[in-house]
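>>> kindly return the folded structure for what I paste below:
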Amino acid sequence: MFGADHLVVVDLGFGDAGKGATVDWLCSAEADLGVAAVVRFNGGAQAAHNVVADGRHHTFAQFGSGTFSGVPTWLSRHMLVEPIVLAAESEQLAALGVGDPLGLLAVDERALLTTPIHIAANRAREDARGSSRHGSCGRGIGETAWYALEHDAPTVADCRMPNVLRAKLDRLAAHYDRLVGPSAHGYESIDAMVAMYGDFARAVRITGGEELARAAHRGRLVFEGAQGVLLDEWRGLHPHTTWSTVEPRNARAMIREIGGTAKVLGVTRTYMTRHGAGPLPTEAPLRIPEPHNGTGHYQGAFRQGHLDPILLRYAVDVCGGVDGLVVNHLDVPGTLCAAQAYGTPSGRLTELVPGRWRDLEHQQQLTDQLSCATPVLAPIDGDPATWLAERLRVPVVLTGHGPDRRDRTAVAESWRAHGASRTRAVAR
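Numbers count the residues shown, from 1 in each chain. Predicted coordinates:
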């Protein structure tokens, strides 16, 4: 169905569209795609990828969502690794019957460490913002990325060098003392952290960048993204974004480095959702049950809205195009509606124009524009998956009619027709 290409899975919305369920199916025996490894290419421990399969449910954070099928995970240099939470996730997976979860894991030595110090600073900063919170997960992601821009930040490689790690953690703690000290948030002693990270280094396989080519030699790679394109650090609706490149730029670069080709799968729902603050133009009280989503202390409320092909087309554009759609939540009852246009103070709007990469002024303008937009809604006529394929000009290759792996249906004919005409290298 997918030829010999590697696969990149991205969420075209604000997250929570079903990336985990998609990756789980791609790695399963049912799909039979010969997946050798899942590569995590952005984000960190804040991911919450729900997988229901074989009578088991797990919310994947750092392990790849192919773990139930025994597919190994590689945490690439673009991941922010949180070893303490990773150890807890390993225990959860072992309790679900996964044999030796840490044995299925390899970590790039260049990946940044998210520490309890980053987490405390993140929460203290969001607390100080009060009602102007940006919508953080409270997991230290932004602080990890921001600190590393201007400082010699702790990395996974440092876990094998306790003296180097201790010096970096001392400097990190001193940097954040004025923010964290007066707050309600604390963290373990530096000595305790150094000991825990030493245990982590002995328990997992720490690798260099050559691991990617080694894994690709064994078979197909699935690159599992985190969050959603509309939260991308440079392409999302600033400032309600993540400190992470969500669109597939980094995944494509890694695949290009090993001389591979890829197809990008864009995942969406039949309605829009987002956590916390920021524009959601089609927001409405849909009251669709969400057993795995709710209000988070730092994220804020879980919000829902009607389907928005305007935002989804924008996401496809800033991804540099996608090769196939995965449409989930097709089991939602009743008649679905979608935005045909927005009414704005400057007139009717049917498309969002991407700006230059790293142009946050443009992204702020989009946020301002969408914050005062009123959607023009109309019922979706017919099958929502077909309706989306026509409006996004991308074929549907996989659908989901429920939370379980058995609820996935591959649309093989659509993929074969599309792949014959649009198989392409990942040069960009």
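>>> what stretches of the stretch 51-200 of the chain score poorly on pLDDT?
130-137 (pLDDT under 70).
>>> rerun at 90
By pLDDT under 90, the low-scoring segments of the stretch 51-200 of the chain are 124-142, 181-184, 186, 188.
>>> what sits against the closest residue in space to S69 that isn't next to it in sequence?
Spatial nearest neighbour of S69, excluding adjacent residues (CB to CB, 6 or more residues apart in numbering): C27 at 4.5 Å. Just so you know, the C-beta spots here come from the backbone N, C-alpha and C atoms, and that holds for glycine as well. Going by CB atoms under 8 Å, 6 or more residues apart in numbering, C27 touches 33, 35, 38, 64-66, 69, 71, 222.
>>> how close does G18 sit to P289?
Distance, G18 to P289, by CB to CB, to the nearest Å: 15 Å.
>>> for these two, indicate the residue with more neighbours.
More crowded of G18 and P289, by other CB atoms under 10 Å: G18, with 25 against 6.
>>> my guess is that one meets R269, correct?
Yes - counting by CB atoms under 8 Å, G18 does reach R269; the two are 7.0 Å apart.
>>> next, show the common contact partners of these two.
What both G18 and R269 touch, as defined by CB under 8 Å, 6+ apart, is the set 328-329.
>>> tally of neighbours for Q364?
13.
>>> so which helix or strand takes in it?
Using DSSP states H and E, Q364 sits in helix 360-371.
>>> can you tell me what sits against that helix?
Contacts for helix 360-371 (CB under 8 Å, 6+ apart): 234-241, 278-279, 281, 342, 344, 349, 352, 355-356.
>>> from those residues, which would you call buried?
Among these, the ones that count as buried by 16 or more other CB atoms under 10 Å are 234-238, 240-241, 278-279, 281, 342, 349, 352, 355.
>>> which parts of the helix holding Q364 are buried?
362-363, 366-367, 369-370.
>>> got those as CSV, with distance to R405 and pLDDT columns?
Formatted as CSV, the buried residues of helix 360-371 follow (distance: CB to CB, whole Å; pLDDT from 0 to 100):
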residue, distance to R405, pLDDT
H362, 40, 98
Q363, 36, 97
L366, 36, 97
T367, 37, 97
Q369, 40, 95
L370, 35, 96
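>>> what's the closest of those to L75?
Closest approach to L75 among the buried residues of helix 360-371 (CB to CB): Q363, at 27.9 Å.
>>> CA atoms only: put the longest helix anywhere in the chain into CSV for me.
Across the chain, the longest stretch assigned as helix under DSSP state H is helix 162-180. The C-alpha coordinates for helix 162-180 follow below in CSV (Å, rounded to 0.1, in the frame of the first residue of the first chain):
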residue,chain,number,x,y,z
PRO,A,162,28.1,12.7,36.5
ASN,A,163,30.6,15.6,37.1
VAL,A,164,29.6,17.3,33.8
LEU,A,165,26.0,16.8,34.6
ARG,A,166,26.2,18.1,38.1
ALA,A,167,27.9,21.3,36.9
LYS,A,168,25.2,21.9,34.3
LEU,A,169,22.4,21.3,36.8
ASP,A,170,24.0,23.7,39.3
ARG,A,171,24.1,26.4,36.6
LEU,A,172,20.5,25.6,35.6
ALA,A,173,19.3,25.8,39.2
ALA,A,174,21.1,29.1,39.7
HIS,A,175,19.7,30.6,36.6
TYR,A,176,16.1,29.8,37.7
ASP,A,177,16.5,30.6,41.4
ARG,A,178,14.8,34.0,41.2
LEU,A,179,11.8,32.5,39.4
VAL,A,180,11.4,29.2,41.3
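>>> tilt between whatever helix or strand comes next after that helix and helix 162-180?
Counting by DSSP H and E, the next helix or strand C-terminal to helix 162-180 is helix 190-203. With axes from the mean of the first three to the mean of the last three CA atoms, to 10 degrees defining the directions, helix 190-203 sits at 130 degrees from helix 162-180.
>>> show only the entries of the buried ones among the contacts of helix 360-371 found in strands.
342, 349 (DSSP state E).
>>> okay if I get the buried ones among the contacts of helix 360-371 as TSV plus distance to V396 and pLDDT?
Shown next, in TSV, are those (distance: CB to CB, whole Å; pLDDT from 0 to 100):
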residue	distance to V396	pLDDT
W234	28	97
R235	23	98
G236	25	97
L237	26	96
H238	30	95
H240	29	92
T241	28	92
G278	28	93
P279	26	96
P281	24	97
Y342	25	98
L349	26	96
L352	22	97
G355	29	96
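>>> which pair in the buried ones among the contacts of helix 360-371 spans the largest distance?
Maximum pairwise distance among the buried ones among the contacts of helix 360-371 (CB to CB): 22.7 Å, between W234 and Y342.
>>> tell me what the helix or strand hosting F223 is packed against?
Assessed by DSSP H and E, F223 sits inside strand 220-224. Contact here means 3 or more CB pairs under 8 Å, 6 or more residues apart in numbering; DSSP states H and E; on that basis strand 220-224 packs against strand 6-11, helix 19-26, strand 35-40, helix 249-257.
>>> list the contacts of it.
2, 4-9, 19-20, 23, 26-27, 33-41, 49, 64-66, 71, 212, 215, 248, 251, 254-255, 260, 262.
>>> just the buried residues of these.
Judged by 16+ other CB under 10 Å, buried ones among those: 2, 5-9, 19-20, 23, 26-27, 33, 35-41, 49, 64-66, 71, 212, 215, 248, 251, 254-255, 260, 262.
>>> any chance you could map the helices in the protein?
19-26, 83-95, 116-129, 141-150, 162-180, 190-203, 211-218, 249-257, 309-318, 360-371, 384-392, 412-422.
>>> compare these and give me the one nearest G324.
Nearest to G324, of the helices of the chain and by CB to CB, is helix 412-422 at 6.1 Å.
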